[in-house]
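J.: okay, predicted coordinates and the sequence, questions at the end:
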Amino acid sequence: MRKPKNPNALTVTCEEVGDALGVHAETVRKRASRGEIPHHRIGDRWVIPRQWLVDVLDGNASYWQPNAFGLLARIPDDFRNPGDQQR
């Protein structure tokens, strides 16, 4: 697995996601284009929120749900488990 270009960046590339998940970067792009992976396109560049990758690797992919616009967005902690909050 390649080391991330910038470990402090808020986004990762399709290549970095592919390396981390053990799939080809084109697979990542296809899944992103189908709405299965949150992403932004900047010209020809595809970028993916680093937090999504961290959540997936930690087994927390369910934290990401479609929002009102049909785009994947991270659900804030206080909305995920309202009964678990300390008062």
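T.: Received, thanks.
J.: helix, strand, or coil at the spatially most central residue of the chain?
T.: Closest residue to the average C-alpha location of the chain: Trp52 at 2.6 Å, with C-alpha atoms, centre = their mean. Local secondary structure at Trp52 is given as helix here, using DSSP: H, G, I helix; E, B strand; the rest coil.
J.: for Val28, see how far away it is.
T.: 11 Å (C-beta to C-beta, to the nearest Å). Heads up, the C-betas are built off the backbone N, CA and C, glycines and all.
J.: picking that back up, pLDDT score assigned to the residue nearest to the centre of the chain?
T.: Listed pLDDT for Trp52 reads 95.
J.: ok, Arg74 next?
T.: Arg74 carries a pLDDT score of 89 in this model.
J.: what about it, how many neighbours?
T.: 16 (other C-beta atoms under 10 Å).
J.: partner residues bridging it?
T.: Taking DSSP bridges as the rule, Arg74 bridges to Trp64.
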